[in-house]
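> got a predicted structure plus its sequence, pasted below:
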Amino acid sequence: LFLMYRYQINRRKLPWRGDPIVSDEGTSRTIQSSAYGTWVSELMLQQTRVETVIPYWIRWMDRFPNVNSLSEASSDEVNTMWAGLGYYRRAQSLLQASKQIVIEFNGIIPDNTTDLLKLPGIGPYTAGAIASIAYNKHEAIVDGNVNRVLSRVFCIGHTLGTKEMDKSIWQISKDLVLTSNSPSDFNQGLMELGATVCKNAQPDCSNCPISKYCMINQLVEYRNSFVSDNLNNELIDKLPSDVAIYPVKSVKSPPKAMLLCVTVYLLIQSNEKMTLMVKRKNSGLLANQWEFPTVLIDDSDLVDKWTKNVNESKDKNSYTLFKDFHTKFDDIYNITNRFNLIDEPIYLSTNPIKHIFSHQVHYMYISIQYINNKTIDNKINTTESESNDHKWIDINTINANHLTSGCKKILKQINNQLNLQVNNKKDKKRKLGN
C-alpha cells in the first residue's frame, strides 16, 4: 500500500502513461495510453534513459500510431525513426511482431503472456509489462530496477545475472503482484521506486516508503549503531556497510576495442557532392543501418603505420595505406574501375572518433577522397542511388537525425573538414588579391 500510494502521488509524468505532451510553443496534447504505446515504450527503454526515449516515443507514435500502421512500414522507415536509439534489433522486432499481430491476432495485442511470448523480441519482462501495465493482469515483471529493489528488501545475496538470482527475484515478484488489487500500479510503482529512490548508487533511503521493511537497510542501520558506539566485533564487521552493495554485481569484461577506417568518397556531379553510403548486413551490430564505407582494421601494425604517416597529408605511405584498406570496396562498388581518385585524400585523421557500445568501443579513422567519373556516360543515376545495399546521395541533403549516433559523429567531422577547406580557399584568394 505504501508503495502504490507513493506511486500514485509522486509518479513521473510520462507520455506513454497518457500524461500531457507540451510543445515548445506551449500547446498541450495527449496520446492515449494503450497496450501498443506500452509495448513501444518498454522496448525503447531497454538500455536507454527515459529522458532520451521520450522524444523518440512521441515521434514514433505520431508516425506509427497503431499496430496496423507499423505493420505496413518498411524496414528502412522503421530504422529511420529509430536512428540514434541504438540496439536496432529492437526496432526490427517491433516491425516483425506487428505483422504477426495483424495476421494472427487481428491487429490486437494479446493480453496474456502465453501469446505475447510468441512474438519476436518479447521476453518474460516485456510480456509481463504489457499484460500487467496495459491490461492490469497479475503478471510479474523483473527489470534492473525491480532486481535492485527486491534484492535489497529481501537481502538476496546471489550475483546479478545468475540462474539463482533470476529464479529468486522472479518468484518474489510473482508472489507480490498476486497480493495487489492493481497489478498495473504495483509493477509501475516498483520500477518507479528503483528508478527514482532506490538508485544504483546513493539510494535515498530516507525518502523510501518501504525502508523500514528493507532488510539491507535495517542491517546497515544496525551495523552503524555499533560503529557509532565504537564497539568492535567480527560479526558486526561482516554486516553490510552500505545499501548500495546490493545487488551483488558480476565482474564484467572490458569492452573490446575495434579500430575502423571510414572513407567518404565525394563525387562532384551537377553541382552536387555525391557520397557513397552502404548498408550493413541484416544481422549483428547495427543491422541494416546505412553508413559510410567502413573497413575493420584488425592489424595493429597497420594502425601504427597509419597514425605515424598521416601527419603529413601528402605522405605517400599514408596514401598507399589508405588504398590498401579499401580494396574490398572495389570488388563490390567498382570505385577505382569506374572513378578516378583525384590526387590524394584531402583529409586523413590522426585522432580517431571514439564511439562506445555496451560490449565494444569503436575507434574510427576518417579519410575524405574526391573522385570523378572516368567516362561521361558513367554518371550516377536514380536507379543506382536506390540500390538495396548501397546508394549515392548528395552529402548536403543527409539528415543527421536519420543516422546512427556513430555516423552522426562522422558526418560532423566531415562537414567541419569541408568547411575548413572552403575557408582555406577563400583565404588564398584574398592573399592573391592583395
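It's in.
> I'd guessed S358 sits against K256; true?
No. Counting by C-beta atoms under 8 Å, S358 sits too far from K256 to count as a contact (10.8 Å). For the C-beta atoms, the positions are set from N, CA and C on the backbone; glycine is no exception.
> number of nearby residues for the closest residue to K279 other than its chain neighbours?
Spatial nearest neighbour of K279, chain neighbours left out: D389 (5.0 Å); criterion: C-beta to C-beta, 6 or more residues apart in numbering. Using other C-beta atoms under 10 Å, D389 is surrounded by 10 other residues.
> repeat for H362
22.
> SS state for it?
Three-state call for H362 (DSSP: H, G, I helix; E, B strand; the rest coil): strand.
> residues contacting it?
Taking C-beta atoms under 8 Å, 6 or more residues apart in numbering, we find H362 in contact with M258, L260, I353, K354, H355, I356, G406.
> now a ChimeraX select for only the buried ones of those.
Remark: buried members of those, expressed as a ChimeraX selection using 16 or more other C-beta atoms under 10 Å:
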select :258,260,353,355,406
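> which two among the contacts of H362 are spaced furthest apart?
Greatest spatial distance among those (C-beta to C-beta): L260 and I356, at 13.4 Å.
> just curious, which of the contacts of H362 is nearest to E221?
I356 (38.1 Å).
> which residue packs closest to the closest one, ignoring adjacent ones?
Closest to I356 by C-beta to C-beta, 6+ apart is P255, at 7.0 Å.
> what about the contacts of H362, which are in helices?
G406 (DSSP state H).
> can you redo the contacts of H362 as JSON lines with pLDDT and distance to T38?
Listed next are the contacts of H362 as JSON lines, based on pLDDT from 0 to 100; distance: C-beta to C-beta, whole Å:
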{"residue": "M258", "pLDDT": "82", "distance to T38": "35"}
{"residue": "L260", "pLDDT": "84", "distance to T38": "37"}
{"residue": "I353", "pLDDT": "88", "distance to T38": "36"}
{"residue": "K354", "pLDDT": "89", "distance to T38": "35"}
{"residue": "H355", "pLDDT": "91", "distance to T38": "31"}
{"residue": "I356", "pLDDT": "88", "distance to T38": "29"}
{"residue": "G406", "pLDDT": "89", "distance to T38": "30"}
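> may I have stretch 188-200 exported as PDB, CA atoms only?
The C-alpha trace of stretch 188-200 is given here as PDB (Å, rounded to 0.1, in the frame of the first residue of the first chain):
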ATOM      1  CA  GLN A 188       5.000   0.500 -12.200                       C
ATOM      2  CA  GLY A 189       5.400   1.600  -8.600                       C
ATOM      3  CA  LEU A 190       8.100  -1.000  -8.000                       C
ATOM      4  CA  MET A 191      10.000   0.100 -11.100                       C
ATOM      5  CA  GLU A 192       9.500   3.800 -10.300                       C
ATOM      6  CA  LEU A 193      10.900   3.300  -6.800                       C
ATOM      7  CA  GLY A 194      14.000   1.700  -8.300                       C
ATOM      8  CA  ALA A 195      14.400   4.500 -10.900                       C
ATOM      9  CA  THR A 196      13.900   7.500  -8.600                       C
ATOM     10  CA  VAL A 197      14.700   6.400  -5.000                       C
ATOM     11  CA  CYS A 198      16.300   3.000  -4.700                       C
ATOM     12  CA  LYS A 199      19.000   4.000  -7.100                       C
ATOM     13  CA  ASN A 200      22.100   2.000  -8.100                       C
END
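> buried stuff in it?
Residues Q188, G189, L190, M191, E192, L193, G194, A195, T196, V197, C198 are the ones in stretch 188-200 that count as buried (16+ other C-beta under 10 Å).
> secondary structure class for the fifth one?
The three-state assignment at E192 reads helix, by three-state DSSP.
> mind checking how far it is from D166?
Relative to D166, E192 is positioned 22 Å away (C-beta to C-beta, to the nearest Å).
> which residues touch I122?
W39, S93, A97, L116, I130.
> go again with 7 Å.
By C-beta atoms under 7 Å, 6 or more residues apart in numbering, the contact set of I122 is A97, L116.
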